[in-house]
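J.: What follows is a predicted protein model with its sequence.
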Amino acid sequence: MKQVLFIFLFLISQGLAAQQQDTSGFCPTGSIWVYKHAVQMYFPHYSMFSYEKDTLLNGQAVKKIRHDRVAYDYQYQNQQPYIAGHTISWQNDEFLYEQNDSIYFYLADSQQFYLLHDFSALVGDSLAIQQHRNACGNNSNYPLQDTLAILEQDTLTLGQWAFKRSYYNISSSILEDSTNQYFKGKIIHNIGGETSFFPYPNLRLCDPNVYIQGQTTDLVCYQDDERGVLIDEVQEEWGCQSLITSVAQLADPSMAQNAPQVKLFPNPTQAQFYLQSQQPLLRYAIYQLNGQLVQQGSLSNSQENYQIAVPNLPAGLYILQLENEQQEVFYQKFRKQ
């Protein structure tokens, strides 16, 4: 009997250990959120928010959050689109601070702070939410403020941590829910919204075409230095890590602005490809998009045309790192068929 009780207590303790209550708080160092956009394209666009540093704004200690737009570039092979890279473009900086379990954001238009989330809110509570951006321009139908109602709460397990999650919608939609006109979503305690970084009120009152192209729909990536990767749900070939690691960003055009002129062909390739360079090249390295080194070698500086064989690489996208005689490093991207 004692042995059975011991096993029972052990299993309970293991279950509790597997679902620890989160104590890291909101926005630890290394926090990154990636939201998928509702866009009518082959490959979606994303909004990426990343914690940069602590700073002061109007005398208030705040966290500076960088907002970038991530867009896939695609080309065609045999009339089928494939991902050929992605570009990351800065949109704006956000400034947030936490007080008594509530998160406040800075609205540049009014130069004031407003409530973003109240993680301590309970079912039945209502929160007054200010419009964050000029999402509707000067559309007078877009309210400057609306009321966000907490309708339901549950527990969400991410990794080994258990998070409280609140289901909410705009209060006016409770009366007209059948119209499906108003934004709804979920907020994860200490992480943020599951459908957008900010709860946009009544966004459907904007131009519907603008809404379809610009509204975020899903939190597909989240990680920080304390908890690690908690959400990784990107379905496209590049994957979540390629959106948020420096290795993936090597494919951005801005990384090659000062690079010597190098032509890589054929691209896509099968067993080998060639390089034509205006400067002698000394060595190369090939990386997967998650940063793993898969091949490297030296290049003879006595020739202008270089040949690199890649028969053992699996099909997919790769980053080619090149180094010249001046020890300058630059990058090309290629696809292996």
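T.: Happy to help now that I have it.

J.: Then Q241 would be within a helix, right?
T.: Yes. For Q241, which was evaluated using DSSP: H, G, I helix; E, B strand; the rest coil, the result is membership in a helix.

J.: can you count the residues close to it?
T.: With neighbours defined by other CB atoms under 10 Å, the count for Q241 comes to 18. (Glycine included, C-beta is placed from N, CA and C.)

J.: I'd say it and Q288 touch.
T.: No. Under the criterion of CB atoms under 8 Å, Q241 lies out of contact with Q288, with a separation of 9.9 Å.

J.: And stretch 323-337, what's buried?
T.: If you call a residue buried by 16 or more other CB atoms under 10 Å, then stretch 323-337 has these buried ones: E323, N324, F330, Y331, Q332, K333, F334, R335, K336.

J.: average model confidence for that stretch?
T.: Averaging the model's pLDDT scores along stretch 323-337 yields 78.

J.: how long is that stretch end to end?
T.: Criterion CA to CA, to the nearest Å; first-to-last residue distance in stretch 323-337 is 25 Å.

J.: how does this protein divide into domains?
T.: The chain breaks down into these domains under automatic domain parsing: 23-244, 250-336.

J.: highest average neighbour count across the ones you listed?
T.: Burial of those is given as mean neighbour count (mean count of other CB atoms under 10 Å); domain 23-244 ranks first at a mean of 16.

J.: now the buried residues of stretch 323-337 in TSV, with distance to F198 and secondary structure?
T.: Putting the buried residues of stretch 323-337 into TSV (distance: CB to CB, whole Å; DSSP: H, G, I helix; E, B strand; the rest coil) gives the following:
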residue	distance to F198	secondary structure
E323	43	strand
N324	45	strand
F330	37	strand
Y331	34	strand
Q332	37	strand
K333	33	strand
F334	38	strand
R335	36	strand
K336	40	strand
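
J.: Distance to I231 for those - can I get that in JSON lines?
T.: As requested, the buried residues of stretch 323-337 are exported to JSON lines (distance: CB to CB, whole Å):
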{"residue": "E323", "distance to I231": "36"}
{"residue": "N324", "distance to I231": "40"}
{"residue": "F330", "distance to I231": "33"}
{"residue": "Y331", "distance to I231": "28"}
{"residue": "Q332", "distance to I231": "31"}
{"residue": "K333", "distance to I231": "26"}
{"residue": "F334", "distance to I231": "30"}
{"residue": "R335", "distance to I231": "28"}
{"residue": "K336", "distance to I231": "29"}
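
J.: Relative to S166, which of these is nearest.
T.: Using CB to CB, K333 is the member of the buried residues of stretch 323-337 that lies nearest S166, at 41.3 Å.

J.: any idea how far that closest one lies from F119?
T.: Noted for K333: a distance of 41 Å to F119, by CB to CB, to the nearest Å.

J.: Kindly report the same for V220.
T.: Plainly put, V220 is 22 Å away from F119 if you go by CB to CB.

J.: what's the answer for H37, then?
T.: 26 Å.

J.: ok, now P199?
T.: P199 sits 13 Å away from F119, going by CB to CB.

J.: what do you get for L264?
T.: Distance of L264 to F119, given as CB to CB: 49 Å.

J.: what does V294 give?
T.: 43 Å.

J.: List the beta-bridge partners for the residue lying closest to E52 once chain neighbours are set aside.
T.: Spatial nearest neighbour of E52, chain neighbours left out: K64 (4.6 Å); criterion: CB to CB, 6 or more residues apart in numbering. Each beta-bridge partner of K64 is listed here: K53, F95, as defined by DSSP bridges.

J.: Please name the residues that touch K64.
T.: Y51, E52, K53, D54, T55, D93, E94, F95 (CB atoms under 8 Å, 6 or more residues apart in numbering).

J.: go again using 10 Å as the cut-off
T.: Listed by CB atoms under 10 Å, 6 or more residues apart in numbering, the contact partners of K64 are S50, Y51, E52, K53, D54, T55, L57, D93, E94, F95, L96.

J.: same thing with D68?
T.: When contacts are counted by CB under 10 Å, 6+ apart, D68 is found next to 34, 46-50, 87-92, 243-244.

J.: what do you get for Y106?
T.: Counted by CB under 10 Å, 6+ apart, Y106 has contacts 57-58, 60, 62, 93-97, 112-114, 116, 132.

J.: Try it again at 8 Å.
T.: Neighbouring residues of Y106 by CB under 8 Å, 6+ apart: L57, N58, V62, E94, F95, L96, Q112, F113.

J.: Closest one of those to E226?
T.: L96 (17.3 Å).

J.: Could you list every helix and strand in contact with the helix or strand encompassing I231?
T.: Following DSSP states H and E, one finds I231 within strand 228-232. Using 3 or more CB pairs under 8 Å, 6 or more residues apart in numbering; DSSP states H and E as the contact criterion, the secondary-structure elements in contact with strand 228-232 are strand 216-224, helix 239-244.
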